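**Student:** how would this look folded up:
(chains A and B)
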Number of protein chains: 2
Amino acid sequence: MALPAEFALIARHFRPLAGEGALDLSDDAALLDPPPGRQLVLAADAMVAGVHFLPDDPPETIGRKLLRVNLSDLAAMGAAPLGYLMTCAFAKATPDAWIAGFVAGLAEDQREFAIGVLGGDTVATPGPATFSLTILGTVAPGQALRRRGARPGDEIWVSGTIGDGALGLLALTGRLPPDAFLAERYRLPRPRLALGQALAGVARAAMDVSDGLVQDLGHLARAAGCAAELCADAVPLSPSARAALATDPALRERILGGGDDYELLFAAAPEDAPRVLAASAAAQTPVTRIGRFLDGEGVTVLDGTGQPLALGSAGWSHFG
Amino acid sequence: MALPAEFALIARHFRPLAGEGALDLSDDAALLDPPPGRQLVLAADAMVAGVHFLPDDPPETIGRKLLRVNLSDLAAMGAAPLGYLMTCAFAKATPDAWIAGFVAGLAEDQREFAIGVLGGDTVATPGPATFSLTILGTVAPGQALRRRGARPGDEIWVSGTIGDGALGLLALTGRLPPDAFLAERYRLPRPRLALGQALAGVARAAMDVSDGLVQDLGHLARAAGCAAELCADAVPLSPSARAALATDPALRERILGGGDDYELLFAAAPEDAPRVLAASAAAQTPVTRIGRFLDGEGVTVLDGTGQPLALGSAGWSHFG
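**Tutor:** Now for the predicted structure:
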């Protein structure tokens, strides 16, 4: 009996991605021995063409972006990746070569992050391509980083640089001049897995920046029941972002609130700054102090003279 | 700082569903101690409005159907449910009351199946509503039922009744007279969790029937490297399906190939028939012998006189 087309598609494109426990993607479910002495960490994210990625983004980057966005959630918890499940709703009449590119990108990231696919589903949709990914990771018991836990007086740190993803989207849609670095930062975020694991037992609270620095800092402050003060001039920027901001100072709001950063935002006691810097060095990931937590509530953004800045948008919300 | 609308939506509707380990859905990921001495079982499925459910299906049944379809994958492996993650791409301008109904349905099934949500994502889509669910379950080590393993001479069994879901879709779309039983079978499949667990160590191979009995039997046969012979008259039918078939004998093809059954299809050695029946009784789930595996390959469907039937469609494939 010939294989129907859907199964042929899975066999041709997805089976080579199958990781340990995936049973070759030919059973009803994956079967996995949980690593002994570890807690499981689980997260899921979805992406819709035209909303979370550009319909003309290279297919090689789209699946990788979704995988990395989920890996970033593991990084925020200080977890190590174990595997993932993915459902793909491909737009009708998607060319086979597009799917091949999509899968080739995933294969590259599977090698980079040493994980395999455990299962999933492939369907056709009359609407925009829609992907959903569930990531599975592990952490030593009691060592997971949490959003809650910051205390007044703690310092606020962030990894890497902020605003590149949001500016990359502008550059890719003609609202800023083309910039290959920013475009890559939008399409291929870098999950800070090594840093997250190195910060276990060091940071008091952590999350990844996905909805915008100011909004996400608000989440940390709310979870801790305290206020946060952010020094805008201390926020680390890439040379590309710095150049764009010099040309148009109004981009500051986009940088601080645009999202798509996937950097780690975390709190640490001032006396733990040397341990934070040691974790940064061990993970080969730069970190920068950008503010502090205080008694009170809400987020205040200060300019270079210590005056509060008024920001129009606190971040990105799909239902805002 | 006010919560953006997306977070308010999650807090209002989804947080009450949060299960143990979900961290109240307010962290980057869920944190779970894997049950000691068990293997993990993981599966994921997606559903698109207008493809896998009817856009005017009651919102209360849509999430439940996706949950049950995934639970059926656990049942097919003989696993017990542990929790799930779900991503929801709601069509833009979806009324809040619709989402409330969707969540109320999930809440009902969470009680029925004693599980909670571990995490997920909520986004808006310009296309049809699209949902994806990853189910997490556990099984005793080495006890998982697999698709491979049937041997020539084994008997083919199926639980419940076949064809109700496919006929229910016809009844809901005006191609058959309205039938509340069939409609319910289409909208709310019954995952055979108790039977699956009772069949561990009894069945030689198992899967759930989602793409159509004949096609799925082909999967079991292919995985075993043997042939399968199905007696069409032995396939168990509900009174509603029997009445529809009596009116229009051409519906037989739809019954045998239409899919959406979510019954368990399994192989057992003839001498194990008493153990199969004991498992059926223990799980309070009827089972019926419908054929046997043979040397060779492919699926043959026999009519009441033992003559092969020609079936036009071997099942449902999204890319067929």
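**Student:** all strands in the stretch 51-200 of chain A, in order from the N-terminus.
**Tutor:** Applying DSSP state E, counting those that start in this stretch to the stretch 51-200 of chain A gives strands spanning A:80-91, A:117-125, A:130-139, A:155-159.
**Student:** packing partners for the first one?
**Tutor:** The elements that strand A:80-91 packs onto, with contact taken as 3 or more CB pairs under 8 Å, 6 or more residues apart in numbering or on different chains; DSSP states H and E, are strand A:30-32, helix A:59-77, helix A:96-113, strand A:117-125, strand A:130-139, helix A:193-199, strand B:39-48, strand B:130-139. Every residue, glycine included, has its C-beta placed from N, CA and C.
**Student:** again, 6 Å this time
**Tutor:** strand A:117-125, strand A:130-139, strand B:39-48, strand B:130-139 (3 or more CB pairs under 6 Å, 6 or more residues apart in numbering or on different chains; DSSP states H and E).
**Student:** Ok, which of those strands comes nearest A:L309?
**Tutor:** When those are compared by CB to CB, strand A:130-139 sits nearest A:L309, at 35.2 Å.
**Student:** Quick check: which ranges of chain A have low pLDDT?
**Tutor:** Residues of chain A meeting the criterion pLDDT under 70: A:1-4, A:312-320.
**Student:** can you tell me the residue of it closest to chain B?
**Tutor:** Closest contact between chain A and chain B, by CB to the nearest CB, is at A:G127 (2.0 Å).
**Student:** domain assignment for chain A?
**Tutor:** According to automatic domain parsing, chain A is divided into the following domains: A:5-139, A:155-309.
**Student:** could these go into JSON lines alongside distance to B:Q39?
**Tutor:** Below are those laid out as JSON lines (distance: least, CB to CB, whole Å):
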{"stretch": "domain A:5-139", "distance to B:Q39": "6"}
{"stretch": "domain A:155-309", "distance to B:Q39": "25"}
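**Student:** In JSON lines, list those along with mean neighbour count.
**Tutor:** JSON lines is the format used below for the domains of chain A (neighbours: other CB atoms under 10 Å in any protein chain shown):
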{"stretch": "domain A:5-139", "mean neighbour count": "21"}
{"stretch": "domain A:155-309", "mean neighbour count": "20"}
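**Student:** To B:P178, which of these lies closest?
**Tutor:** B:P178 lies closest to domain A:5-139 among the domains of chain A, at 26.3 Å (CB to CB).
**Student:** Compute the first-to-last residue distance for the closest one.
**Tutor:** Length of domain A:5-139, first residue to last, CA to CA, to the nearest Å: 39 Å.
**Student:** Give me the number of neighbouring residues for A:A310.
**Tutor:** Around A:A310 there are 6 other residues, counting by other CB atoms under 10 Å in any protein chain shown.
**Student:** separation between it and A:T300?
**Tutor:** For A:A310, the distance to A:T300 equals 10 Å [CB to CB, to the nearest Å].
**Student:** Check A:R242 too.
**Tutor:** Distance from A:R242 to A:T300, counting by CB to CB: 23 Å.
**Student:** in the stretch 201-320 of chain A, which spans are helices?
**Tutor:** Under the criterion DSSP state H, counting those that start in this stretch, helices of the stretch 201-320 of chain A are mapped to A:213-224, A:239-247, A:251-257, A:273-283.
**Student:** wait, which of the ones you listed is closest to B:G196?
**Tutor:** Ranking these by proximity to B:G196 (CB to CB) places helix A:213-224 first, at 39.8 Å.
**Student:** Contacts for the closest one next, please.
**Tutor:** A:147-148, A:150, A:162, A:205, A:207, A:209, A:227-228, A:256-257, A:265, A:299, A:314-315, B:1 (CB atoms under 6 Å, 6 or more residues apart in numbering or on different chains).
**Student:** quick check, nearest of those residues to B:T285?
**Tutor:** The nearest member of the contacts of helix A:213-224 to B:T285, counting by CB to CB, is A:R147 at 43.3 Å.
**Student:** wait, what's in contact with that closest one?
**Tutor:** When contacts are counted by CB under 6 Å, 6+ apart, A:R147 touches A:A205, A:M207, A:L220, A:A223, B:D27.
**Student:** In those residues, find the pair that's most separated.
**Tutor:** A:L220 and B:D27 (11.0 Å).
**Student:** Near chain B, which residues of the stretch 101-250 of chain A are found?
**Tutor:** Residues of the stretch 101-250 of chain A found near chain B (CB under 6 Å from any CB of the partner chain) are A:118-121, A:123-125, A:127-128, A:130, A:132, A:134, A:144, A:146-147, A:207, A:218.
**Student:** repeat that for 7 Å
**Tutor:** Applying CB under 7 Å from any CB of the partner chain, we find that the stretch 101-250 of chain A lies next to chain B at A:118-121, A:123-128, A:130, A:132, A:134, A:144, A:146-147, A:207-208, A:215, A:218, A:223.
**Student:** my read: A:A227 touches A:V301, true?
**Tutor:** No. Using CB atoms under 7 Å, A:A227 makes no contact with A:V301, being 11.9 Å away.
**Student:** OK, contacts around the residue of chain A closest to chain B?
**Tutor:** Contacts for A:G127 were tallied using CB atoms under 7 Å, 6 or more residues apart in numbering or on different chains; they are B:T125, B:G127, B:P128.
**Student:** One more: A:Q197?
**Tutor:** Counting by CB under 7 Å, 6+ apart, A:Q197 touches A:G78, A:A80.
**Student:** Make TSV out of the helices and strands packed on strand A:80-91 and add distance to B:L85.
**Tutor:** Shown next, in TSV, are those (distance: least, CB to CB, whole Å):
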stretch	distance to B:L85
strand A:117-125	13
strand A:130-139	5
strand B:39-48	9
strand B:130-139	5
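**Student:** Can you say which of those is nearest to A:R192?
**Tutor:** strand A:130-139 (13.4 Å).
**Student:** quick revisit: quick check, nearest of the contacts of A:G127 to A:V48?
**Tutor:** For the contacts of A:G127, the minimum distance to A:V48 (CB to CB) is 4.7 Å, reached by B:T125.
**Student:** residues in contact with the residue lying closest to the closest one once chain neighbours are set aside?
**Tutor:** Spatial nearest neighbour of B:T125, excluding adjacent residues (CB to CB, 6 or more residues apart in numbering or on different chains): B:A89 at 4.0 Å. By CB under 7 Å, 6+ apart, B:A89 lies in contact with A:A46, A:V48, A:T130, B:V123, B:T125, B:A129, B:T130.
**Student:** cool, A:P308 as well?
**Tutor:** Neighbouring residues of A:P308 by CB under 7 Å, 6+ apart: A:T300, A:V301, A:L302.
**Student:** Among these, find me the one that's closest to A:L31.
**Tutor:** Set against A:L31, the nearest of these by CB to CB is A:V301 (49.2 Å).
**Student:** looking at it, the closest one is touching A:A232, isn't it?
**Tutor:** Yes. A:V301 lies in contact with A:A232 (CB under 7 Å); the separation is 5.4 Å.
**Student:** Could you tell me which residues touch both of those two?
**Tutor:** Counting by CB under 7 Å, 6+ apart, the contacts common to A:V301 and A:A232 are A:L256, A:L309.
**Student:** got the end-to-end distance for stretch A:154-166?
**Tutor:** Using CA to CA, one end of stretch A:154-166 lies 28 Å from the other.
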